[in-house]
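> Using only what follows, build the 3D model:
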Amino acid sequence: MLVGGALLLGIFVVGVYNGLVTLRNRFKNAFAQIDVQLKRRYDLIPNLVETCKGYMKHESGTLEAVIAARNSAVSAAGRAAANPADADSMRQLLQAEGQLTAGLSRLLAVAEAYPDLKANTNMIALQEELTSTENRIAFARQAFNDAATEYNIKREVFPSNLIANTFNFTAAELWKVENAAERQNVKVSF
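Residues are numbered from 1 along each chain as shown. So this is what the prediction gives:
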């Protein structure tokens, strides 16, 4: 009887543990999807800046700020991708992404003052790509938050929380926007 109870308890612990591992891997995979879209965005930004450079000679500070914000975001994304469960890395990424979004918004607002730039076919194509990428990022963020929330619920409810705490399953940081200005998508229409 005692052996049977211990066996049932062992099976239960293994089942909960495996469920937590599965959910943790799902939210890490969901972050990997964000990472793919962020890389796409990061790859577009130098092309956008290059296209603007010839027209916006007097706006070098804006262009440099966007490139600096992009580089900071790339670095933060690399740290977060290495361990999406690390809350500090995720917060740094969220902050860097907020700065990048603000910089892109400023760049595109300034670009509106240049009619030749607005009519440039490369600029139009880059705007379309950036809009598409922003939509993909938003969708990937939602999928990540859904997966992270499911994992967090599983690790917090009883009796799973006992196993989660025993085996050091830490909470997943949700992708949230701290600054109200960051809640807006980058506006890329002219």
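> Distance from the chain centre to the helix or strand harbouring Arg106, please.
Per DSSP states H and E: Arg106 is located in helix 87-111. Centroid separation between helix 87-111 and its chain, computed with Cα atoms, centre = their mean, to the nearest Å, is 11 Å.
> What are the buried residues along the helix or strand just after that helix?
Using DSSP H and E, the helix or strand that follows helix 87-111 towards the C-terminus is helix 115-119. Residues of helix 115-119 classed as buried: Leu117 (neighbour count, 16 or more other Cβ atoms under 10 Å). All C-beta spots, glycine's among them, are computed from the backbone N, C-alpha and C.
> now stretch 120-128
Applying 16+ other Cβ under 10 Å to stretch 120-128 flags 120, 123, 126-127 as buried.
> So which residue is dead centre in this structure?
Closest to where the C-alpha atoms of the chain average out (Cα atoms, centre = their mean) is Ile34, at 5.0 Å.
> Average pLDDT for the helix or strand encompassing that one, rounded please.
Assessed by DSSP H and E, Ile34 sits inside helix 2-53. Average pLDDT, helix 2-53: 93.
> Distance from the chain centre to that helix, please.
Using Cα atoms, centre = their mean, the offset of helix 2-53 from its chain centre is 12 Å.
> now that helix and helix 87-111, what's the angle there?
20 degrees (axes from the mean of the first three to the mean of the last three Cα atoms, to 10 degrees).
> and helix 2-53, what does it pack onto?
On a contact count with 3 or more Cβ pairs under 8 Å, 6 or more residues apart in numbering; DSSP states H and E, helix 2-53 meets helix 60-82, helix 87-111, helix 121-156, helix 160-166.
> Can you name the residues in contact with the helix-or-strand element of the chain with minimal mean pLDDT?
Least confident helix or strand of the chain, by mean pLDDT, DSSP states H and E, is helix 115-119 with a mean of 81. Applying Cβ atoms under 8 Å, 6 or more residues apart in numbering, the contact partners of helix 115-119 are 51-52, 55-56, 111-112, 123, 190.
> filter those to the buried ones?
For the contacts of helix 115-119, a neighbour count by 16+ other Cβ under 10 Å gives the buried set as 51-52, 55-56, 111, 123.
> any chance of these in a markdown table, plus distance to Ala73?
As requested, the buried ones among the contacts of helix 115-119 are exported to a markdown table (distance: Cβ to Cβ, whole Å):
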| residue | distance to Ala73 |
| --- | --- |
| Thr51 | 20 |
| Cys52 | 18 |
| Tyr55 | 24 |
| Met56 | 21 |
| Ala111 | 20 |
| Met123 | 22 |
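> Sweet, I'm off.
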